[in-house]
Structure formats: C-alpha cells, structure tokens
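**Q** what follows is a predicted structure for the sequence shown.
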Amino acid sequence: MSAFVDSVMAQVKAKNPAEPEFHQAVQEVVESLELVIEKHPEYRAAKIVERIVEPERVIMFRVPWLDDQGEVQVNRGFRIEMNSAIGPYKGGLRFHPSVNLGILKFLAFEQVFKNSLTTLPMGGGKGGSDFDPKGKSDNEVMRFCQSFMTELNRHIGQFTDVPAGDIGVGGREIGFLFGQYKRIKNEFVGVLTGKGLAWGGSLIRPEATGYGAVYFGQNMLATKNDTYEGKTCLVSGSGNVAQYTIEKLNELGGKAVTCSDSSGYIYDEAGIDAGKLAFLMELKNVKRGRVKEYADKYSSAVYTPVDPNLDYNPLWDHKADCAFPSATQNEINAKDAENLLKNGVTLVSEGANMPTVPDGVEKFIKAGIMYGPGKAANAGGVAVSGLEMSQNSLRLSWTREEVDGHLKRIMKDIHDASYAAAEKYGTPGNYVNGANIAGFLKVANTMMDQGVV
Ligand code: NDP
C-alpha cells in the first residue's frame with residue numbers, strides 16, 4: 001500500500017472505529033484513486049479525498065411503534081447524507097436486522113460514485129433501520145413506516161434528499177412512507193422514488209436494477225463480440241433485483257439456474273423459465289414465503305438449506321458461464337470466487353452492493369474475467385429513480401419503451417465511461433478502477449468548483 005492510501009485509511013479507521021464494511025468500501029476506492037491523485041496534485045491540495053470520505057450529515061433517531069399485541073417496540077432509524085456536490089442526496093432505505101451505522105455509511109459512500117456514473121444530477125445518501133419486516137403484519141409494517149417518517153420528514157425533501165427502496169423496502173413500504181410524508185407536509189411531491197404508478201411512480205423502476213445489471217453484462221460481452229445466448233447463469237437472492245435479473249436473462253437467451261434467500265438456495269438445472277419466475281414472484285412479493293417452496297412445487301429443482309458450518313456457499317459451486325450476486329454485501333468470499341472461476345464463470349455482474357470480498361475481487365481481476373462491480377453494474381435502479389424524479393418535475397409519465405431506452409443508454413454510458421477510464425489510467429479491462437475513477441472525477445471537479453464546503 002502507498003503512503004497516500006495508508007494515511008487516508010489510518011484516518012478513516014481512527015474516526016470510524018468498528019465499521020468494517022465502511023473501511024472496506026473506502027479502501028477499494030482509495031486504492032483506485034491513487035492512479036488519479038498522482039496525475040492531479042490539485043485534488044490532494046484541496047483534500048478532496050479526505051472530504052469525500054466524511055459524510056456531510058448523519059441523522060440517527062428513535063423509532064417507537066406498537067405491535068399487534070399493543071406492545072411497545074423500539075428500533076433505530078438512520079439517514080446518511082454523504083455528498084450533495086452534484087445534486088440532492090439520493091439513495092435507498094434498507095430495513096434489515098443487520099443494519100447499523102457502518103453498513104449504511106458504506107452504502108452511502110458507494111452511492112456517491114454510482115450516482116455520478118449515471119450521468120444524472122444526484123448526490124449520494126442511504127438510510128434505513130434495524131427493523132425486520134419479515135414475519136410482521138401489514139399493519140405493523142405500516143405503523144413502523146409512519147413512525148420512521150414522522151422523524152425522517154424533517155430531513156428530506158424533493159430538492160434536498162430523495163430516498164428510495166433497498167433490502168426490505170419495496171412498493172408496500174414506499175407507499176406507507178409516502179402517505180405519512182404527504183400527511184405531515186400537506187404536499188404531494190416526488191420526495192421518494194419507487195412509488196406506485198398511480199401516484200407518481202415510473203414504469204420500469206421495479207425492473208431497473210436487475211435489468212441494468214444484465215445490460216451491463218451485455219455491454220461487457222459485446223467487447224468480446226459475445227452474447228448471453230445459451231449461457232448458464234447463477235443468481236443469488238430472490239428479491240427485487242434477483243427477480244428482474246432472471247427475467248431479462250431469459251429474454252436475452254441466457255438460462256438462470258439458481259436463486260436464494262437467507263434460509264437456502266434452489267438449483268434448477270432446467271432453468272427458471274417465465275412460468276417458474278411468475279411463481280417465484282408471487283411467492284416472494286405476495287405470499288412472502290421462502291424459496292424452499294419453489295423446490296416443493298418443481299421437481300426439477302433441488303433445495304439446499306444454509307449450512308453455517310461451511311466456509312463457502314454451494315450456490316457458487318455449479319458449472320456456469322455467468323454470475324449475478326443479487327442478495328447482499330460480502331456474499332462471495334475468496335473460496336466462492338475460486339469456485340466460480342474453477343466452474344468456468346467468465347462474467348460477474350453485481351446486482352447487489354459490494355457482494356464480493358476484496359480477496360475475491362482480486363482473484364477475478366487476476367483471472368482477467370469480465371467483472372462488473374456493483375457501483376457500475378447495479379446503477380440502473382438509481383438511474384431510473386432519477387428518471388422518476390424528472391417525470392415528477394415535468395408532471396408527465398414516459399412509456400415503458402422510453403424509460404427502458406434511457407436505461408439501456410445509461411448502462412452503456414456507464415460501461416463505456418468505466419472501460420475508458422480503466423484504459424486511460426493504465427489498467428485496461430479493470431472495471432473496478434474504471435468505475436471508481438470515472439465516478440470520482442465528476443464529483444471531485446464539482447467540489448473544486450464549489451469551494452471548501
Ligand atoms: P430485497 O429485500 O427485495 O431482496 C433481498 C434478497 O437477498 C432476499 O432474497 C433476501 O433473503 C436476501 N438477503 C438479504 N440479506 C441477506 C443476508 N444477510 N444473507 C442472505 N440473504 C440475504 O432487496 P433487493 O433485491 O432490493 O436488494 C438486493 C441487493 O441489491 C442489495 O445488496 C441492495 O443493496 C442491492 N441494490 C438494490 C437496488 C434496488 O433498486 N432495489 C439498487 C441497487 C442495489 P431473505 O428474504 O431471506 O432476507
């Protein structure tokens with residue numbers, strides 16, 4: 001490690017103790033930025049990197065609510081407003097018991113670069129709560145969301161900070177949050193994205209992250225004159241991102257053979273075709289069931305429960321051409337990365353945020369496979385959120401074809417910008433460096449323009 005990386009990381013670790021995911025995300029970016037800092041001493045003098053790792057604002061609050069038995073429950077709410085150089089803070093809300101300050105800071109930090117890559121005017125933020133929507137009734141989820149928004153409303157706004165969904169926050173939660181915001185503020189504005197179509201939502205928003213990750217992979221394949229036709233794909237997760245990844249892969253001639261939840265995974269050698277995907281969507285989005293039920297219904301599928309004694313995830317240990325991690329951070333460890341390479345995978349496009357540990361990333365890069373890191377490959381979701389904001393401002397709705405056309409173009413632009421930056425800074429084919437550098441430059445130059453703020 002260079003003296004520059006050492007000194008930034010020493011400060012970050014001292015100021016943000018016990019936040020390993022945040023350290024991991026910063027380290028990866030700072031290592032890439034070394035290549036830029038050497039050529040641009042003005043960024044060093046203006047302490048751009050030291051400023052970009054410090055959130056502009058962190059809000060942490062109590063969220064009390066009543067469960068169905070009338071018992072008082074208390075959760076913790078957060079909003080990290082990381083960087084507003086190029087636009088209002090933008091980034092999802094995550095409701096999951098694992099949520100803590102460090103995880104949300106890593107996500108907010110990644111979001112700054114991702115949003116910059118989309119070419120749209122959005123700053124970076126992230127928020128959420130350690131609330132677990134699993135096993136809660138609709139009424140409990142509503143009461144929680146209302147309490148959460150009762151505090152959050154004073155910190156967000158259509159020109160200030162525009163949250164969206166993430167793990168555990170889908171259409172139902174966005175509806176309850178929007179309803180409470182509108183009630184408190186007495187105004188109907190696009191303060192959240194991922195809204196229902198009847199009340200300001202955008203076509204293709206639910207599909208956008210999964211579709212975008214597949215489009216990103218399509219662009220990587222195109223550099224080798226290749227396509228998805230006949231390729232076998234491993235997908236993890238079974239939520240929003242995984243579902244639409246599978247849908248788009250089917251459309252483009254690929255075959256998805258796995259999906260998972262936190263209890264286990266299914267392997268369906270015959271492929272998760274459109275009919276089976278419809279079953280999965282109903283199971284996950286309406287019945288809120290477990291992925292195991294897929295194997296109960298389809299005899300072609302084998303279910304494997306999570307084994308906490310294993311030091312690898314067997315989902316990544318099947319013969320395949322492509323992998324789309326779409327569940328959560330650090331879900332591919334070094335051994336999983338080795339298994340993927342051993343099994344013939346030559347393309348990884350990350351739907352999830354930071355799903356691969358640093359040693360795994362290093363193995364992919366060393367092996368020279370097409371590796372699309374999350375901040376580039378999954379930027380389609382926030383890109384269409386940006387388009388939802390544009391439609392809200394125009395008070396117009398675009399057609400499915402228009403939004404999908406914008407999404408395809410944006411994913412190609414992100415791919416091309418990352419590819420070009422990797423080449424320009426001496427690491428051709430390294431999309432990690434490319435995405436970090438391309439995302440950074442726009443924010444850094446804007447911060448230079450706006451002075452020390
Ligand atoms: P969902 O809540 O819809 O689905 C998450 C899926 O991942 C579920 O199958 C869930 O299983 C599984 N999962 C979550 N946490 C864990 C865990 N700790 N261990 C094992 N499995 C887990 O979320 P999304 O599909 O929206 O998000 C998935 C990933 O994509 C996240 O990393 C998110 O940050 C990223 N992302 C999402 C975007 C979006 O637009 N939604 C945009 C960009 C990135 P279970 O139900 O059992 O918890």
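**A** Noted; the coordinates are in hand.
**Q** buried set for the lengthiest strand in the chain?
**A** Scanning the chain for the longest strand, with DSSP state E as the assignment, gives strand 72-83. The neighbour-count check on strand 72-83 (16 or more other CB atoms under 10 Å) flags 73, 75, 77, 78, 79, 80, 81, 82, 83 as buried. Where C-beta positions appear, they are placed from N, C-alpha and C, glycine not excepted.
**Q** also stretch 35-50?
**A** When neighbours are counted by 16+ other CB under 10 Å, the buried residues of stretch 35-50 are found to be 35, 36, 37, 40, 43, 46, 48, 49.
**Q** and if you look at stretch 307-314?
**A** Of the residues in stretch 307-314, those scored as buried under the neighbour-count criterion (16+ other CB under 10 Å) are 312, 313, 314.
**Q** over to stretch 173-190?
**A** Within stretch 173-190, the residues scored as buried using 16+ other CB under 10 Å are 173, 174, 175, 176, 177, 178, 180, 181, 182, 189, 190.
**Q** what does that stretch contact?
**A** With contacts defined as CB atoms under 8 Å, 6 or more residues apart in numbering, stretch 173-190 is touched by 93, 95, 133, 141-142, 145-146, 148-150, 152-153, 156-158, 162-165, 191-192, 194-196, 199-200, 388-389, 392-393.
**Q** and the ligand, which of those contact it?
**A** Checking these against the ligand by CB under 6 Å from any ligand atom, the ones in range are residue 165.
**Q** next step: the contacts of stretch 173-190 restricted to strands.
**A** 93, 95, 162, 163, 164.
**Q** nearest residue to the residue in the stretch 101-250 of the chain that the ligand sits nearest to in space, please, no chain neighbours.
**A** With CB to the nearest ligand atom, the shortest gap between the stretch 101-250 of the chain and the ligand falls at residue 239, namely 1.9 Å. Sequence neighbours aside, residue 284 is the residue nearest to residue 239 in space, at 6.6 Å (criterion: CB to CB, 6 or more residues apart in numbering).
**Q** what about the one you found, how many neighbours?
**A** Residue 284 has 23 neighbouring residues, counting by other CB atoms under 10 Å.
**Q** ok, now residue 303?
**A** For residue 303, the count of nearby residues is 18 (other CB under 10 Å).
**Q** isn't it right up against residue 291?
**A** Yes. In this structure residue 303 lies within contact range of residue 291 using CB atoms under 8 Å: 7.5 Å.
**Q** burial of residue 315, as a residue count?
**A** Residues within reach of residue 315, counting by other CB under 10 Å, total 26.
**Q** what residues are up against it?
**A** Taking CB under 8 Å, 6+ apart as the criterion, residue 315 is in contact with 234, 236, 258, 260, 265, 267, 304.
**Q** interface residues of the stretch 201-350 of the chain facing the ligand?
**A** Taking CB under 6 Å from any ligand atom as the contact definition, the stretch 201-350 of the chain meets the ligand at 209, 237, 238, 239, 240, 241, 261, 262, 263, 326, 327, 328.
**Q** give me the buried subset of those residues.
**A** 209, 237, 238, 239, 240, 241, 261, 326, 327, 328.
**Q** of all those, which two lie farthest apart?
**A** Across those, the two members that end up farthest from each other (CB to CB) are 209 and 261, 17.3 Å apart.
**Q** packing partners for the longest helix seen in the chain?
**A** As assigned by DSSP state H, the longest helix anywhere in the chain is helix 400-424. Judged by 3 or more CB pairs under 8 Å, 6 or more residues apart in numbering; DSSP states H and E, helix 400-424 is in contact with helix 101-117, helix 205-222, helix 374-377, helix 380-394, helix 431-450.
**Q** residues near the closest residue to residue 439 other than its chain neighbours, how many?
**A** Once its chain neighbours are removed from consideration, residue 439 has its nearest residue in residue 113; the separation is 3.1 Å (CB to CB, 6+ apart). By other CB under 10 Å, the residues close to residue 113 number 27.
**Q** pretty sure residue 113 sits against residue 436.
**A** Yes. At 6.2 Å, residue 113 and residue 436 qualify as touching, with contact defined as CB under 8 Å.
**Q** overlap of the contact sets of the two?
**A** Contacts common to residue 113 and residue 436, judged by CB under 8 Å, 6+ apart, are 29, 375.
**Q** and residue 57, how far from residue 324?
**A** The span separating residue 57 from residue 324 equals 34 Å under the rule CB to CB, to the nearest Å.
**Q** for residue 311, same thing?
**A** Residue 311 sits 22 Å away from residue 324, taking CB to CB as the criterion.
**Q** same question, residue 407
**A** Taking CB to CB as the measure, residue 407 falls 17 Å from residue 324.
**Q** next: residue 72.
**A** Computed with CB to CB, the distance linking residue 72 and residue 324 is 41 Å.
**Q** what number of residues lie near residue 5?
**A** Neighbouring residues of residue 5 were enumerated by other CB under 10 Å; the total is 18.
**Q** that one and residue 32 touch, don't they?
**A** No. Taking contacts as CB under 8 Å, residue 5 lies outside contact range of residue 32: 10.0 Å.
**Q** and for those two, which residues touch both?
**A** With the criterion set as CB under 8 Å, 6+ apart, the contacts of residue 5 and residue 32 do not overlap.
**Q** so what pLDDT did residue 259 get?
**A** In this prediction, residue 259 carries a pLDDT score of 98.
**Q** and what about it, helix, strand or coil?
**A** Three states are possible here, and by DSSP: H, G, I helix; E, B strand; the rest coil the one that applies to residue 259 is strand.
**Q** can you pull the contacts of it?
**A** By CB under 8 Å, 6+ apart, residue 259 lies in contact with 235, 236, 237, 238, 242, 246, 265, 266, 272, 280, 291, 294.
**Q** identify the residues contacting the second one.
**A** Taking CB under 8 Å, 6+ apart as the contact definition, residue 236 lies against 242, 258-260, 265, 313, 315-316, 324-327, 331, 352, 355.
**Q** residue 57 and residue 324: who's more crowded?
**A** Neighbours were counted for residue 57 and for residue 324 using other CB under 10 Å; residue 324 has more, 33 against 13.
**Q** circling back to that earlier point, touching, the residue of the stretch 101-250 of the chain closest to the ligand and residue 169? I think so.
**A** No. Between residue 239 and residue 169 there is no contact, the gap being 10.4 Å when judged by CB under 8 Å.
**Q** wait, residue 384 sits on residue 407?
**A** Yes. With contacts counted by CB under 8 Å, residue 384 reaches residue 407, the gap being 5.8 Å.
**Q** find residues that contact each of the two.
**A** Counting by CB under 8 Å, 6+ apart, the residues touching both residue 384 and residue 407 are 204, 208, 212.
**Q** how many neighbouring residues does the last one have?
**A** Translated: residue 212. The local packing of residue 212 (other CB under 10 Å) involves 32 other residues.
**Q** what do you get for residue 166?
**A** Neighbourhood size, residue 166 [other CB under 10 Å]: 27.
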